[in-house]
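> Got a predicted structure plus its sequence, pasted below:
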Amino acid sequence: MKILVCISKTPDTTAKIAFTDNNTKFDTAGVQWIINPYDEWYALVRAIELKEAKPDTVLHLATVGGADADPIIRKALALGGDEAYRINLDGADCYQVAFQLAQLISKGGYDLVLTGKETIDYNGSSLGGMIAGINYLPYISLATHLEIAENKAIVTREIEGGEEVCEVAFPLVVSAQKGMAEARIPNMRGIMAARTKPLSVVEPIAQDPLTTVTAFELPAPKAGVKLVAPDQVDELVRLLHQEAKVL
Amino acid sequence: MNVLIVIDTAEGIIKKSAFETLSYGADLAAQLGVNAVGLLPGATSEELGSLGQYGINKIVHVNPDQPRADDPTVLAGLIASVASTEQCDVIVFSHSLSGKSIAPIVSAQLKAGLVTGVVGLPDTGNGFVVKRAVFSGKAFSHVRIETPIKLISVNPNSYKVNTGGSPATVETLSLPTAAPRVLVTKRQKSSNELLLTEAETVVSAGRGLKGPENWGMIEELAKVMGAATACSRPVADAHWRPHNEHVGQTGVAIAPTLYVAIGISGAIQHLAGVNRSKVIVVINKDPEAPFFKAADYGIVGDAFDVVPAFTAAVKKLKGV
């Protein structure tokens, strides 16, 4: 069994969102970077659990990014995994990133490819589906449970108004969300071990992005809260009905 | 060249998000001066001609004698095929759970640029530029699609629904399907009757409620408001409420018209999931709760006093 977990570097959840260069670039000044939580807490931790249950499982990690992604991939290796790849490209859109990972996956012969359901910066929810589409692999999105049987994966995915259990033969691509696993904290042994795990830098294959970000924009600031006294709930309902017109 | 709109169904029933997507697609087609064609794969019990009310001209009903395929790759193949025969160079999806699963596969199959979570019609003055929410609702980006075929998925609750269009023509079509590789063995509905991402009004509660036994008054308020119920992450993690009710950065992101937050402090991770709500009401006994900074209306008070009074006041307004 060979698993690849796709890891993305994202700004910390509490990072201040601002833009530079006439609102065309994300302002990285003072931003703390983390492993995208969906990649870490759900995709990676579930893969580690599968390896713990079957120690002959091979677990690789991959990211697409510049050298500034190395601390993030080392942090992921501190949680678990045997080795990692960094494809040396600042991806301009999701397709470009998916294309690079798809090439690595077809060479690596992975049985299971795991991604988070989305990154918390671009919120595209597209990477897993694009990888699956490029390599013609089956795709299960928004998975909340994943079990491995003899020669297939048994995956529960969220659907509109409920969930369904699917069976898919290997190889396949799964995007992971809440429910899949519980967040872990790396221990000292993991952090020490991560320093010597192989991290290979792979040069990208030429592929243009299909989309271009032309500008960013911050939402208009809120006007400020209108407070109503706790014994004046009727007044709140009147405001919601007559002023905000939402009741 | 035309605009193709993919219509989401669940067990043959058209989802509310599809009405927004159809309206969006129809308005986009009008903007481009082309036809809007709806695509509905699989069996349905609905009368499809009436979907013309949202402004579309034609519905292509594919494989009406089979249930909707479970494998997103199979659906992606059908969509690509109809886009080609109907001469569509824009394909519009809902940014729903189903759209998130299918649209990226179509993008890869057609090598066509995809922008997900779109919140408005494109600017076609200089290329094809769409606005979408990024950084978990904390910002927007404008994205230009560079490929001849353009794919977009529309965020739920971000586009108004059209009315009054004349009936659409309905064409049924049988298409061969690829062998499915995803076998669904079990399907179950969640207990939350109203779909959280589609709900106009959401009533949400947090740790301030002290325990799961106190959710009766939240459900009562939600019922009189016609709202879906939601909760904060600590509440879901403590198993007071099911995980599918957790809204926030790592849970569900929603954009209802009215979001009522009760006993939730409003940590930045929670705000990331709800900051696209049109109106936010915060009820919290701590006047320093950060949520008040993001709120439109607020009451500093004890939920156990305010919520029953709120329910009574809404009942009075609605005359029930």
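Perfect, thanks for sending it. Numbering: from 1, shown residues only, chains lettered A, B, ... in the order given.
> following the least confident helix or strand in chain B by mean pLDDT, which helix or strand comes up?
Ranking every helix and strand in chain B by mean pLDDT, DSSP states H and E puts strand B:9-10 at the bottom, with a mean of 90. Moving toward the C-terminus from strand B:9-10, the next helix or strand (DSSP states H and E) is strand B:13-14.
> Would you mind checking the average pLDDT for that next one?
Mean pLDDT, computed over strand B:13-14, is 93.
> likewise stretch A:16-28?
95.
> Identify each buried residue in it, please.
By 16 or more other C-beta atoms under 10 Å in any protein chain shown, the buried positions in stretch A:16-28 come out as A:I17, A:A18, A:F19, A:N23, A:F26, A:D27. Glycine gets a C-beta too; all of them are placed from N, C-alpha and C.
> and the longest strand for chain A?
Under DSSP state E, the strand in chain A containing the largest number of residues is strand A:139-148.
> In CSV, list the C-alpha atoms belonging to it.
Provided in CSV are the C-alpha atoms of strand A:139-148 (Å, rounded to 0.1, in the frame of the first residue of the first chain):
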residue,chain,number,x,y,z
TYR,A,139,-12.6,10.7,-7.0
ILE,A,140,-14.4,10.9,-3.7
SER,A,141,-14.8,14.4,-2.3
LEU,A,142,-15.5,15.7,1.2
ALA,A,143,-14.8,12.4,2.9
THR,A,144,-15.6,12.0,6.6
HIS,A,145,-14.4,8.4,7.1
LEU,A,146,-12.0,6.2,5.2
GLU,A,147,-11.3,2.5,5.8
ILE,A,148,-9.1,0.2,3.8
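> angle of the helix or strand that it is followed by against strand A:139-148?
Toward the C-terminal end, the helix or strand that comes next after strand A:139-148 (DSSP H and E) is strand A:152-159. If you take axes from the mean of the first three to the mean of the last three C-alpha atoms, to 10 degrees, strand A:152-159 sits at 130 degrees to strand A:139-148.
> Quick one: mean pLDDT over the helix or strand just after strand A:152-159.
Downstream of strand A:152-159, the next assigned helix or strand under DSSP H and E is strand A:162-169. When pLDDT is averaged over strand A:162-169, the result is 95.
> now stretch B:260-277
pLDDT averaged over stretch B:260-277 gives 95.
> next one: stretch B:60-77
Mean predicted confidence for stretch B:60-77 is 97.
> what distance separates the start and the end of that stretch?
15 Å (C-alpha to C-alpha, to the nearest Å).
> Any buried residues in that stretch, and which?
B:60-63, B:68-77.
> Can you tell me which residue is spatially central in chain B?
Centroid-nearest residue in chain B, with C-alpha atoms, centre = their mean: B:P156, separated by 2.9 Å.
> Quick one, grab the pLDDT at that one.
91.
> and it, that one's in a helix?
No - counting by DSSP: H, G, I helix; E, B strand; the rest coil, B:P156 falls outside a helix, being coil.
> what's the spacing between it and chain A?
10 Å (C-beta to the nearest C-beta, to the nearest Å).
> Identify each buried residue in the longest strand of chain A, please.
A:Y139, A:I140, A:S141, A:L142, A:A143, A:T144, A:L146, A:I148.
> Ok, stretch B:304-320 next?
Buried-residue list, stretch B:304-320, by 16+ other C-beta under 10 Å: B:V306, B:V307, B:A309, B:F310, B:T311, B:A313, B:V314, B:L317.
> for stretch B:218-229, same thing?
B:I218, B:E220, B:L221, B:A222, B:V224, B:M225, B:A227, B:A228, B:T229.
> can you check stretch A:82-93 too?
Buried residues in stretch A:82-93 (16+ other C-beta under 10 Å): A:A84, A:Y85, A:R86, A:I87, A:L89, A:G91, A:D93.
> Going by distance to chain B, which of these wins?
A:D93 (7.5 Å; C-beta to the nearest C-beta).
> all helices for chain A, in order.
A:37, A:45-53, A:70-79, A:94-108, A:127-135, A:188-196, A:233-238 (DSSP state H).
> so who does the spatially most central residue of chain A touch?
For chain A, the residue nearest the mean C-alpha position is A:G116 (3.4 Å; C-alpha atoms, centre = their mean). Shown in contact with A:G116 (C-beta atoms under 8 Å, 6 or more residues apart in numbering or on different chains): A:C6, A:S8, A:N36, A:P37, A:Y38, A:D39, A:E40, A:Y42, A:A43, A:S175, A:A176, A:Q177.
> now for the helices of chain A, which one comes closest to chain B?
helix A:127-135 (2.5 Å).
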